[in-house]
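S.K.: what shape does this take:
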Amino acid sequence: MRIAFVFPGQGSQSVGMLSGFAGNATVEGVLARADAALGFSISNLIAEGPAETLGLTVNTQPAMLAASVAFYEAWRAAGGRTPDVTAGHSLGEYSALTAAGVFTLEDAVRLVRFRAEAMQSAVPVGTGGMAAVIGLSDDEVLAACEEARAVGAVEAVNFNAPGQVVVAGEKAALARAIECVKARGARRAIELPVSAPFHSSLLKPAAEQLAKRLAETLVSVPTLPVIANVDAELHTTPDAIRAKLAAQAASPVQWVKTIERMKAEGVTDVVECGPGKVLVGLVRRIAPEMNLHSINDQASLDALIQKLA
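M.R.: Residues are numbered from 1 along each chain as shown. The predicted structure follows:
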């Protein structure tokens, strides 16, 4: 048995997402450290909301990272085995790297809040967006984006699962891309409730800001293998990790290739470590032969420790 831990990104947050760990001293300790590093109570926002405030990317990113790392630290404190390999989807890559000791928790929550600010400021609110395309091959989606670029910037940015690709770009080009994918036979094309065209080339200014911030941030050699979003490769030097993370802000998330890399590494079991169950759903479509698990609360954590012992 070889185990991979995967860490979710934005969209999996919810008010009360840590309530299943009430009274867990490890989780409370992680949240207290995150609060101190940020200078405000992210733990209170996670526990009580409101959902609209938690859903702002400058809050969502540190909240999801703190929650996911808290889940992981609780797993380790309870005697859970060390994963053989890890990865995270978009923002979740920062959680994976924190679990692997690349960042301290304090540096990580401040870094992803900066990342959120940089990503939001790169494209004015309302001028760009994203849409999920269901039921079309990658090549068809890429061809539709090529067609839509006649009216502006738009590109495929998340290769999430076979027949599930997210596109992002300028509003007019995005609308044209939605028309183009539907004309090519997409089952659905749904605009997503996001405030910027994340992972598109329009976010290059954010990638440049992140590169400067990462250059000033302590980056340690990972204690666990972490598969990078941008190329589905394992990077072990601090400079390579910095370069891939900066590029990630304005590059597609290669999630299908990430899971295929896990298969190549001999992974048999995948554990989603963090709020929600989005990633196990995607992995099921990419690699149905894998055993899938998720940690949502103390009870699921305790049961999984026994199962994977």
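S.K.: how about the helices in the stretch 51-200 of the chain?
M.R.: Counting by DSSP state H, counting those that start in this stretch, one finds helices in the stretch 51-200 of the chain at the ranges 51-54, 57-77, 92-99, 105-122, 138-148, 171-183.
S.K.: other SSEs contacting the last one?
M.R.: Right, helix 171-183. strand 128-134, helix 138-148, strand 154-161, strand 164-170, strand 188-191 (3 or more CB pairs under 8 Å, 6 or more residues apart in numbering; DSSP states H and E). Any C-beta I mention is one placed from the backbone N, CA and C, and that applies to glycine too.
S.K.: to Gly39, which of these lies closest?
M.R.: Evaluated with CB to CB, the helices and strands packed on helix 171-183 place strand 128-134 nearest to Gly39, the distance being 29.6 Å.
S.K.: for the closest one, name the packing helices and strands.
M.R.: The elements that strand 128-134 packs onto, with contact taken as 3+ CB pairs under 8 Å, 6+ apart, are strand 164-170, helix 171-183, strand 188-191.
S.K.: off-centre distance for it?
M.R.: 16 Å (CA atoms, centre = their mean, to the nearest Å).
S.K.: contacts for it next, please.
M.R.: Under the criterion CB atoms under 8 Å, 6 or more residues apart in numbering, residues 141, 144, 157, 163-171, 174, 177-178, 181, 186-192, 194, 196-198, 200, 202 lie in contact with strand 128-134.
S.K.: where's the closest residue to Val15 other than its chain neighbours relative to Glu28, distance?
M.R.: In this structure, Val15 finds its nearest non-sequential neighbour in Gly49, 3.8 Å apart by CB to CB, 6 or more residues apart in numbering. Distance check for Gly49 against Glu28: by CB to CB, to the nearest Å, it reads 19 Å.
S.K.: ok, back up a step: so of the helices of the stretch 51-200 of the chain, which one's packed in deepest?
M.R.: Using mean count of other CB atoms under 10 Å, the stretch among the helices of the stretch 51-200 of the chain with the largest mean neighbour count is helix 92-99, at a mean of 28.
S.K.: tell me the mean pLDDT over that helix?
M.R.: This predicted structure assigns helix 92-99 an average pLDDT of 98.
S.K.: so what secondary structure elements neighbour that helix?
M.R.: strand 3-7, helix 57-77, strand 85-88, helix 105-122, helix 238-248.
S.K.: I'd like the ones you listed laid out as TSV, including distance to Tyr94 and mean pLDDT.
M.R.: Below are the helices and strands packed on helix 92-99 laid out as TSV (distance: least, CB to CB, whole Å; pLDDT from 0 to 100):
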stretch	distance to Tyr94	mean pLDDT
strand 3-7	8	98
helix 57-77	6	97
strand 85-88	7	98
helix 105-122	5	96
helix 238-248	8	98
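S.K.: could the helices and strands packed on helix 171-183 go into a markdown table alongside distance to Leu18 and mean pLDDT?
M.R.: A markdown table is the format used below for these (distance: least, CB to CB, whole Å; pLDDT from 0 to 100):
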| stretch | distance to Leu18 | mean pLDDT |
| --- | --- | --- |
| strand 128-134 | 27 | 96 |
| helix 138-148 | 36 | 98 |
| strand 154-161 | 25 | 98 |
| strand 164-170 | 27 | 98 |
| strand 188-191 | 29 | 96 |
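S.K.: select only the buried ones of the contacts of strand 128-134 in PyMOL?
M.R.: Buried residues among those (16 or more other CB atoms under 10 Å), as a PyMOL selection:
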select buried, resi 141+144+157+163+164+165+166+167+168+169+170+171+174+177+178+181+186+189+194+196+197+198+200+202
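S.K.: run the chain-centre distance for stretch 199-216.
M.R.: Taking mean C-alpha positions (CA atoms, centre = their mean), stretch 199-216 and its chain are 16 Å apart.
S.K.: name the surrounding residues that touch it.
M.R.: The contact list for stretch 199-216 (CB under 8 Å, 6+ apart) reads 90, 111, 114-115, 118-119, 121-123, 128, 153-155, 157-158, 168-170, 196-197, 242-243, 245-253.
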